[in-house]
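# here are the coordinates; sequence isn't available:
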C-alpha cells in the first residue's frame, strides 16, 4: 500500500547541535521527495526537495540525503535552533501517484536551549 | 505574494450539520489538493482538482464528502452531516500547471480546524 514511515520518533537535541531526521519510504518507484516542517497550529512548510536522480541536495542549513538502494531519506539540520522545533514530515511522489504526495506520520524535533 | 489561503481557520459544528471549507490557491496555481490530518498523524490525501475538474478523488470518503473547484472562486470542501470522527485539520495545497510530475512543488495553506461537538 501507500506508506511512508517515520514510526513516530521524537528527537531531542541541544541547541547548536546538528539534527538528523530519518524517513523510510516503501515505494521503490518513488522519484520525488519533499521535506516539510509543521509548527503547532500551522500548515506544512516546504523545506527542501530532491529528485531520484540525485543523492544529496543542500539548502540553507539543511541537507537532504537520498539512498534509493535501501529506500531511505534523511534531513540534516545544521546548528539546530529553538525555532527548528516542529514536526517534520517526508513525502513521496511517483508516476503511480499522479500529482499527489504520500506522507509519513512525522517526527517531532525538540530543541533544548 | 499571497500564499494558499484557507478559511475559516477554525470551525465548530454540531453533529449533523454541514461544514464548508474554502481554499484559494497561490496566484498562478491551477492545481488544488485537499489533505486531512488527524491529531498526531500525518497528512492523508483526499482529493486533487483542477479548475472545473476532479482529477483524483481516491482519498475521499464515499459518502458525505464532496469537493469542487469552480471556474471562478475558491475550491470548496464540503462535509455533510458531520460526525465526531470528522474532527480534524483540513489542509489545502496548490501547485502550478502540471503538478509534481512536471517538476513543481506543492505548497500548503495554514489549514482549517474542524471540531464536531
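Here it is on my side, so go on. Just so we're clear, the structure is a prediction, and the values are computed from it rather than from any experiment. Numbers count the residues shown, from 1 in each chain, chains lettered A, B, ... in the order given.

# pLDDT value on the closest residue to chain A within chain B, please?
Distance from chain A to each residue of chain B (C-beta to the nearest C-beta) is smallest for residue B:99, at 3.1 Å. For every residue, glycine as well, the C-beta is placed using N, CA and C. Residue B:99 is assigned 81 on the pLDDT scale.

# next one: residue A:12
pLDDT recorded at residue A:12 is 96.

# grab the nearest non-local neighbour of it.
residue A:110 (4.6 Å; C-beta to C-beta, 6 or more residues apart in numbering or on different chains).

# and for residue A:93?
residue A:32 (4.2 Å).

# the one you found: neighbour count?
Using other C-beta atoms under 10 Å in any protein chain shown, residue A:32 has 20 neighbouring residues.

# that one pairs with what?
For residue A:32, the beta-bridge partners are residue A:51, residue A:93 (DSSP bridges).

# which residues are in contact with it?
For residue A:32, the contacting residues are A:49, A:50, A:51, A:52, A:92, A:93, A:94, B:100, by C-beta atoms under 8 Å, 6 or more residues apart in numbering or on different chains.

# quick one: contacts for the third one?
Residues touching residue A:51, when contacts are defined by C-beta under 8 Å, 6+ apart, comprise A:31, A:32, A:33.

# any chance of these in TSV, plus pLDDT and distance to residue B:45?
As requested, those are exported to TSV (pLDDT from 0 to 100; distance: C-beta to C-beta, whole Å):
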residue	pLDDT	distance to residue B:45
A:31	94	17
A:32	94	15
A:33	95	16
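
# pretty sure residue B:101 contacts residue A:99?
Yes - if you go by C-beta atoms under 8 Å, residue B:101 and residue A:99 touch, sitting 5.7 Å apart.

# more neighbours, these two?
Set side by side, residue B:101 and residue A:99 show more neighbours around residue A:99, with 19 against 15, by other C-beta under 10 Å.

# wait, is that one part of a strand?
No - applying DSSP: H, G, I helix; E, B strand; the rest coil, one finds residue A:99 to be coil, outside a strand.

# chain B against chain A: which residues are in contact?
B:4, B:6, B:31, B:33, B:35, B:40-45, B:48, B:55-56, B:59, B:91, B:95, B:99-101, B:105-111, B:113 (C-beta under 8 Å from any C-beta of the partner chain).

# so which of those residues belong to strands?
The strands, defined by DSSP state E, take in B:6, B:31, B:33, B:35, B:43-45, B:48, B:55-56, B:91, B:95, B:107-108, B:113 from these.

# neighbour-wise, which of those residues leads?
residue B:33 (31 neighbours).

# what bridges to that residue?
Beta-bridge partners for residue B:33, by DSSP bridges, are residue B:48, residue B:93.

# give the contact list for it.
For residue B:33, the contacting residues are A:99-101, B:45-49, B:92-95, B:106, by C-beta under 8 Å, 6+ apart.

# can you pull the contacts of residue A:99?
By C-beta under 8 Å, 6+ apart, residue A:99 lies in contact with A:93, B:31, B:33, B:48, B:55, B:56, B:95, B:99, B:100, B:101.

# and the fifth one, what does it touch?
With contact taken as C-beta under 8 Å, 6+ apart, residue B:55 is in contact with A:98, A:99, B:48, B:49.

# so which residues on chain A come close to chain B?
Contact residues, chain A versus chain B (C-beta under 8 Å from any C-beta): A:4, A:6, A:8, A:32, A:34, A:36, A:41-46, A:49, A:89, A:91, A:93, A:95, A:98-106.

# fine, thanks again, bye for now.
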